[in-house]
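Need a 3D model of the following:
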Amino acid sequence: MSASRRTPCPPLARVPGLSACVAALLAAPLSAQSAAEIFDEALRRYQAQTEAIAAYTLVQDVMGMRTETHFERRHVDGIAMFVPVGVPGVEPESSSPLPSFPRLAEIATYEGERTLDNGACHELAVADLSSVDMGFARVPDDRMEFTPRSAAFCVDTETYMMRRVAIAGDFVAGGQSGPATMRIASDDYRDVDGLLVPFRTTVAFEGMAGAPGDAAAAREALEQARAEIAKMPPEQRAAMEAMLEGQMEALSAAASGGPQTMTMTVTEVRVEKD
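Next up is the predicted model:
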């Protein structure tokens with residue numbers, strides 16, 4: 001396995017690339033009790049679950065914007081997986097976590113059960129990612145890089161689908177550096193023609209201050225947006241506020257230097273069978 005690489009951090013503005021990578025990350029089901037058994041069984045079940053599916057398309061609402069991502073079934077290193085097609089800045093063959101499962105099976109530890117608001121999950125931990133190729137998380141961004149150091153995975157005790165992912169590491173941006181964590185929460189799984197899909201996914205970035213001036217730029221953009229909306233007639237203003245609610249919340253978080261959060265809601269899934 002290759003050594004850990006600096007992974008460009010996916011900014012919230014890069015919605016298509018980020019949503020494609022998150023969808024790929026959450027695609028595989030997990031089962032069994034030990035960490036090694038979970039990752040090995042995850043790979044086997046994913047192949048079996050999707051063997052009759054040739055491709056699928058996800059339509060999502062992301063911060064008031066509609067995104068549509070097409071995934072095609074391909075074989076990489078002997079493993080069948082679905083990869084996003086035509087997403088700027090995303091390398092299809094590197095977008096899925098499945099090739100990393102064999103190595104994760106060797107180094108992960110089983111941490112027991114954890115209670116969530118809507119169920120329980122099995123926790124798996126990887127203390128050192130230096131021997132794991134984290135290519136599936138790579139989304140180009142010129143301003144910021146993220147080097148993964150450790151990870152935690154939480155899988156549902158009943159469905160054995162991925163529910164929570166936390167990747168901790170270090171960021172470098174504009175001469176600044178420090179610890180950072182990316183958290184992914186996946187809920188409302190539904191079976192669509194044999195494909196299990198999380199219909200609601202929330203991604204949060206903690207500790208990533210960004211390049212110098214980012215907070216000031218976000219404050220300026222937020223003030224400008226509010227000023228423009230305030231000039232609109234009442235009905236148009238209400239419609240615009242509803243449409244831009246997610247983006248305004250993200251700008252507010254960036255302006256305050258707090259965690260940046262984005263929720264992706266699936267509105268349509270189109271599955272193509274072989």
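
Going by residue numbers, what spans are strands in the chain?
Taking DSSP state E as the criterion, the chain carries its strands at 7-8, 53-62, 65-76, 79-85, 109-116, 119-126, 144-156, 162-173, 176-192, 195-206, 260-273.

Generate TSV for those, with mean pLDDT, mean neighbour count and distance to residue 133 as supplementary columns.
Using the backbone N, CA and C atoms, a C-beta is placed for each residue, glycine as well. Shown next, in TSV, are the strands of the chain (pLDDT from 0 to 100; neighbours: other C-beta atoms under 10 Å; distance: least, C-beta to C-beta, whole Å):
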stretch	mean pLDDT	mean neighbour count	distance to residue 133
strand 7-8	45	21	10
strand 53-62	93	18	25
strand 65-76	88	16	12
strand 79-85	86	20	13
strand 109-116	91	12	20
strand 119-126	90	18	13
strand 144-156	85	21	10
strand 162-173	87	20	14
strand 176-192	89	17	17
strand 195-206	89	19	21
strand 260-273	91	16	25
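
So which of the ones you listed is nearest residue 47?
Proximity to residue 47 (C-beta to C-beta) singles out strand 79-85 among the strands of the chain, at 5.6 Å.

helices or strands up against that closest one?
Secondary-structure packing of strand 79-85 (3 or more C-beta pairs under 8 Å, 6 or more residues apart in numbering; DSSP states H and E): helix 15-25, helix 35-50, strand 53-62, strand 65-76.

These: which one's closest to residue 170?
Closest approach to residue 170 among those (C-beta to C-beta): helix 15-25, 19.4 Å.

mean confidence score for the closest one?
What helix 15-25 shows for mean pLDDT is 57.

confidence score at residue 51?
89.

Residue 80 is in contact with that one, correct?
Yes: the pair residue 51 / residue 80 is scored as a contact, 7.4 Å apart, by C-beta atoms under 8 Å.

which stretch among the helices and strands packed on strand 79-85 comes nearest residue 171?
helix 15-25 (15.6 Å).

what about residue 102, distance to residue 230?
55 Å (C-beta to C-beta, to the nearest Å).

repeat for residue 188
Separation of residue 188 from residue 230 (C-beta to C-beta): 35 Å.

now do residue 150
In terms of C-beta to C-beta, residue 150 sits 45 Å off from residue 230.

which of residue 102 and residue 230 has more neighbours?
Using other C-beta atoms under 10 Å, the more surrounded residue of residue 102 and residue 230 is residue 102, with 15 against 8.

Spit out the contact partners of that one.
Residues near residue 102 by C-beta atoms under 8 Å, 6 or more residues apart in numbering: 39-40, 43.

picking up where we left off before, minimum distance to residue 206: which of the helices and strands packed on strand 79-85 has it?
helix 15-25 (15.6 Å).

And the contacts of stretch 113-129?
Applying C-beta under 8 Å, 6+ apart, the contact partners of stretch 113-129 are 4, 30, 33, 35, 38-39, 104, 107-112, 132, 148-158, 163-164, 167, 169, 187.

still on that earlier bit, out of the strands of the chain, which comes closest to residue 98?
Across the strands of the chain, closest to residue 98 is strand 79-85 (C-beta to C-beta), at 4.8 Å.

Would you confirm that residue 189 contacts residue 196?
Yes: at 5.4 Å, residue 189 counts as touching residue 196 under the criterion of C-beta under 8 Å.

Find the residues that touch each one of these two.
159, 161.

May I see the helices and strands packed on strand 79-85 arranged in a markdown table, with distance to residue 87 as well?
Output for the helices and strands packed on strand 79-85, formatted as a markdown table (distance: least, C-beta to C-beta, whole Å):
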| stretch | distance to residue 87 |
| --- | --- |
| helix 15-25 | 5 |
| helix 35-50 | 20 |
| strand 53-62 | 11 |
| strand 65-76 | 6 |
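
Perfect, I'm done here.
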